[in-house]
Structure formats: structure tokens, C-alpha cells
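Chemist: how would this look folded up:
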Amino acid sequence: MIAMKSEKYVLRCFSCGSESAERESYTICKKCGQPLEVEYDYEQIAEKLNVHVLKSAPMRATKYIDFYPIGNLRKIVSLNEGGTPLYRCRKLEKLLGLRAIWIKFEGTNPTGGFKDRGSMVELTKAIELGARNIICASTGNMAASLAAYSSVASLPCYVVVPEGTPLGKMAQTLAFGARIVQVRGSYDDAAGIVVHLADDKSFYLAGDYAFRLEGQKSQAYEIAEQLGWRSPDKVIVPLGNGTNASAIWKGFREFNRFDLVDSLPKLVGAQAESVSPIATAFFNNAKVARISKPHTVASAVCVGNPSDAGKALRSMRESGGCASVASDHAILESEKLLAKTESIFVEPSGAIPLAALQAMIAQGQVSADEEIVLVMTGAGLKDPLSILKVLPSPPTVEPQVGEVRKLLDYDYYQICAEMNGESGETLVRSPPPPEELGMLIEKAFGVRLGKPDLGFCHGEALEFLRKGKTLAKNDLKLIVEEALQRGAAVNGTGHALEILDFDVSTSRHGQPSASVKVRLHGRELESSAKGVGPVDAITNAVKAAVHGTLDFELVDYRVQINTKNTDAAVDVRITLEDSMKNRVIAMGTSPDIMVASVNAFEQGCNLLDAKRQGAGK
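Modeler: Down below sits the predicted model:
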């Protein structure tokens, strides 16, 4: 037993063992610069601990108050965090062939993520230490959490985040009143900035430091309690800075120390394959090497220089656990699988444990009779845009039974499910006859198109080939989607508008100009216009040509590119509105963004005309 002072705990350096006064530093050791950790006098805790109350009290993070480094209980800053559900996943068990899979879903915390547990302790300590302002670096979850708890504590909160932080997290943070600065760099760049800003003592530096770890260890307490005061065989945790994994391991060790559980789980640290400094160090039994330009779809764990890597590695090794990695695509597919099988929607970083589990099963690292807990750290609405990369876009058709029935008969969603952001094999290299294209579509997607839809697909395929683009499976999928969404109003003959051709002239410094040739109700017309960009110039020229007959305004314009190369198919979706307040959504597909835009505008104008004609009957 280490000799302790009268205090319940001390701060000790993880590396050199030096003790630190918390009013001097609660983040890193002043002697060697390594992380600090809280070391308790467990005999003092044992004297005060009421096990009966602990076991009978409602589950909340604050009920474990004896295990936190909090001195003044009247200053606790809490939003009733904790008490998150532990779901039994029977469908996943059957699918993956395991005895028991549980999900500890941290997305039900007040701000939708596990960080709230740490913020409860950290903001309470900030109040105890007389903080006037809070500052932190974040990839998003900590920003939202600290902003919420700072608001409760009536402390100004300043946050530095990497540019491109998910909008869901940014919106939360701003709504709670925090001041956000985005930097054109990584989380590590943001972290370096806030450390310097906190040096003048006017800011309380919050983040993945010793006090936060103490709050987050309550996840382990709850898992043990929810399993009937016992430990599972393995706990799989996503790794960013490594703080949460070491917190969970500490929580299990503490419960084991007080005989609240009679065994310990193996800890598995899971990372995104492209940003895996901790896992790589574990695999190679080496020091952690910094990743200078980290990037992963799981933005919450996009940390190239993890501050608590040493603690995480120690926890994995002490527990007899291991590391695992998963690709971005596997992470998104796991996010989708979890939502589909168990109706649990998590952000990409939360899906990493499931992706890692599947990889471990494939590698023979998991026994069929094991009981495994996956810690899912954040709710899906934190980052709703990422999952859309592997989900189909909902179709838009006319409000007619026949139009909806056609999508059902053609099994539209099965077609969409065939490709998930990958280009796939090349299917068409030279112009095929319509019948041959129809057979290719039937073989690729299991759908036999009717004559009008096949005719449209054939025409679009020829346009792709004229542009010098071979047709991959994903390109053909987009064309078929467009055909099925065009609807009866614009299928077949009798279009009000047909854009026959266009020509655009532009330069880096000059204003683009465009000329168009259109057929409007059987009459060929030509018009010219300028715009701020090529697409705007073409749109203005079309507007001028149809003025007085098909007047419209562009309400929304969205472009999506589904593959990485510059010859990728472009999917353009627009919303148009006419003077009668009719609104339509139209789409266009092409390897040329201007052609895709023109196709969308043509379809949109014809949909508006059909609505006008219908209103006039």
C-alpha cells in the first residue's frame, strides 16, 4: 500500500511517478510532460462505502460518487448522466454465431454521447478550482458535452475544433452557447492551440485528462451492475485518445478490488484502420508513432497523436486483451447492420466495436461461447451524413398509386442496395443495343425494365459513352434510379421542354456565358445568358428561353459524387418552384456536372409543367 496523505486521492504521473498538486497541474506532469492519473487511498473509500446503498440506488453516474475525486459534493454539476441501457442483441448473436452480445449504448446520455460522464466530474472540479472560463479542443462530442455542462455551471465555454466537424455536433455546441473556432487542421493541431491558450491561467483546460477519465469509468460500473454484478468475457471500446478504454478498465479493476465483481474482462481497443496509432503500437509491441494527417469517416476518433495512448496500451495488456482495426467501409456497414438488426443508431465511431468484432471472428480471435460487450459511444444523429454514403436516397415520384407501385414492382431499394459507394465492375465499354442493355440491367439488379424506362436508360448510357466514360455498375445503378424516378409525367413523348444542346464559354477570371437550343411545346428556340458559373449561365439561358411559359426559381441544388476519380458519375438533385408555388425535386446523372445539371433542370421543368396542366384540368 502506497503511503497516502490525508487526502482521498493524489495526482501521480503515469510515466515517472511524480506527484502533482492539482492547483499546479491536473493535465500533465510538470517534470516529464506525461499524463497524470488519479491515485486513490482505497482504504478511505472502503471506510465510507455503503455497498447496500450502492446496489439499491437508481442507476446514475452520480451514485458512484465515492469513486470520484470530488471534494465538495454541493458543487456537483450534473445533467443526470449515466444509467444508459445495456441491450442484448439476439439477432446479432444469431448472425455472428456468438452466445451473448451486449451493447452499452452511450447515445442516451444528455448530449448523446459518453463524454457527459467525464464532463460531470471535470466541470465540478473546474468549479472547485475556481475556473472562470472553460476551453477545450474537440472532434465534436466533447465540445457539445462541455458546452452543455458549462452552461449549467454558468461558465463561458470556448472550443477549438478541426474544420469539417460534423454539423450535428457543431449545432449542439453552438446551441448550448459555446464559442467555436474551426482550424484548418487536425484535432492534434486544435489540442496544441488550446494548451497554449490555457497557459495564462485565464482558461480552465478541459479534455481527455485525469479528471475526465474518473467520470467515464462509471461505464464499467454500470455494465457490471446490469449484468448482475459480474464482468463479461470481453469489452470492445473504440479508441481515440485512449482515455475511455483506460477509464473502463480502471472501473472494472476498482469493482474487483471491492469484491463487487469476481473477475475481470479482456479489454479490446478498436480503431479505424486509417487512424490506428494505438493499435499499431500494440501489434508491433512498439511506441506509438504519430500520424501527421489523420483522416477517417469516424471523425470522433480521428486522433493522430493520442494523449492517453500509454494508458490504453497498459489497460489492454494488463487485461490480456488485444487491439483490432476496421476500414471506413466496414465501419459504415456495421453502423447500417446495427440499425437494421437491432434498431440502434450510432455514429460511425460507435460502430467501430461491431466492425472490430466481425474482424476478430473472421481471424479466429473470439470463441462462440463468449459474452461480449460493445461500447457504443455516441448517437447516430451526432453525424447523420456519414451513414448516407452506404444508404439509398429516398425516391421522389408523383402522388399517384401507379408511380409508387412501379417502384415497389421494380424493387427499387434492392437496386439501390446493390452498390454502396463503390464503383464496381465495368459493365459497358461500347454502345449496346437496347435489348442487350436491358439484359445487363436485369442480371445486375434483378429488374426487367419496361420499354419507356429502358429507352431512357439506353439514351443515358449512350451519353456516358460519348463523353468517354465506360459504365461501371454504380453508374448504371444511378441511371436506372433516375429512370424510375422520372415518373409518368416525363416518360414517353410529349415533353413540354427538351434541351437540345448548349454551349458554354468560361475562363478563370471572366464571367461565364452560355447559349442553349431548346424545343418548347414543339417550337425550337435559342437563347443566351451569363452567370456567376457555367451551370448558372446555362440555367439563366434556359430561363430566358422558356420565360412566360415555364417560369421557375431554383430553391435547392445539390451535387453528389459517389466515387473518387474525376471521371465519376455525378448525381445532381434540384428543387424548382414556379409562380403557382408548385415545388418539384428532379435529378440528373452524367459524368459531366453541367450535363447532369441540365438533365435535372429539364426534368424539373417538365414536372412543373405537368403539375400546371393537372391543376388546369
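Chemist: and after the strand or helix carrying Ile331, which helix or strand comes next?
Modeler: Applying DSSP states H and E as the criterion places Ile331 in helix 328-342. Moving toward the C-terminus from helix 328-342, the next helix or strand (DSSP H and E) is helix 348-362.
Chemist: Now that following helix: buried residues?
Modeler: Under the neighbour-count criterion of 16 or more other C-beta atoms under 10 Å, helix 348-362 has 348-360 buried. From N, CA and C alone the C-beta is placed, and that goes for glycine too.
Chemist: burial measure for Glu222, as a count.
Modeler: 23 (other C-beta atoms under 10 Å).
Chemist: Surely it forms part of a helix?
Modeler: Yes - assessed with DSSP: H, G, I helix; E, B strand; the rest coil, Glu222 lies in a helix.
Chemist: still on that earlier bit, buried residues, the helix holding Ile331. List them.
Modeler: Neighbour counts using 16+ other C-beta under 10 Å place 328-339, 341-342 of helix 328-342 among the buried residues.
Chemist: Next, the angle from that helix to helix 348-362.
Modeler: On the basis of axes from the mean of the first three to the mean of the last three C-alpha atoms, to 10 degrees, helix 328-342 is oriented at 90 degrees to helix 348-362.
Chemist: Report the mean per-residue pLDDT for helix 328-342.
Modeler: Helix 328-342 comes out with an average pLDDT of 96.
Chemist: Summarise which helices and strands it is packed against.
Modeler: Helix 328-342 is packed against helix 90-96, helix 348-362, helix 384-387, with contacts defined by 3 or more C-beta pairs under 8 Å, 6 or more residues apart in numbering; DSSP states H and E.
Chemist: Distance to Glu498 and mean pLDDT added to those, as a markdown table?
Modeler: Converted to a markdown table, the helices and strands packed on helix 328-342 look like this (distance: least, C-beta to C-beta, whole Å; pLDDT from 0 to 100):
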| stretch | distance to Glu498 | mean pLDDT |
| --- | --- | --- |
| helix 90-96 | 50 | 97 |
| helix 348-362 | 43 | 97 |
| helix 384-387 | 35 | 83 |
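Chemist: Is it possible to get CSV of the ones you listed that adds distance to Leu449?
Modeler: What follows is these, written out as CSV (distance: least, C-beta to C-beta, whole Å):
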stretch, distance to Leu449
helix 90-96, 33
helix 348-362, 35
helix 384-387, 29
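Chemist: Which one of these lies nearest to Arg519?
Modeler: With C-beta to C-beta, the closest approach to Arg519 among these belongs to helix 384-387: 38.7 Å.
Chemist: circling back: nearest to Leu239, of the buried residues of helix 328-342?
Modeler: Nearest to Leu239 among these, counting by C-beta to C-beta, is Ile331 at 13.0 Å.
Chemist: Ser299 is in contact with the closest one, correct?
Modeler: No - the pair Ile331 / Ser299 is not scored as a contact, 11.1 Å apart, by C-beta atoms under 8 Å.
Chemist: shared neighbours, these two?
Modeler: Any residue near both Ile331 and Ser299 by C-beta atoms under 8 Å, 6 or more residues apart in numbering counts here, and that gives Pro348.
Chemist: ok, Tyr209 to Ala247 distance?
Modeler: The gap separating Tyr209 from Ala247 is 11 Å, by C-beta to C-beta, to the nearest Å.
Chemist: Identify the contacts common to the two.
Modeler: Common neighbours of Tyr209 and Ala247 (C-beta under 8 Å, 6+ apart) do not exist.
Chemist: ok, how many other residues are close to the residue lying closest to Leu49 once chain neighbours are set aside?
Modeler: Counting by C-beta to C-beta, 6 or more residues apart in numbering, Asp66 is the residue found nearest to Leu49 once chain neighbours are left out, at 5.3 Å. Asp66 has 18 neighbouring residues, counting by other C-beta under 10 Å.
Chemist: Which residues are in contact with Asp66?
Modeler: So Asp66 contacts Ile45, Lys48, Leu49, Leu54 (C-beta under 8 Å, 6+ apart).
Chemist: export those to TSV and tack on distance to Gly522 and pLDDT?
Modeler: As requested, the contacts of Asp66 are exported to TSV (distance: C-beta to C-beta, whole Å; pLDDT from 0 to 100):
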residue	distance to Gly522	pLDDT
Ile45	87	94
Lys48	90	90
Leu49	88	93
Leu54	82	94
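Chemist: Mark which of these are part of strands, please.
Modeler: Among the contacts of Asp66, no member is found in strands (DSSP state E).
Chemist: For ChimeraX, write the selection for the buried entries among these.
Modeler: Restricted to buried positions by 16+ other C-beta under 10 Å, the ChimeraX selection for the contacts of Asp66 reads:
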select :45,54
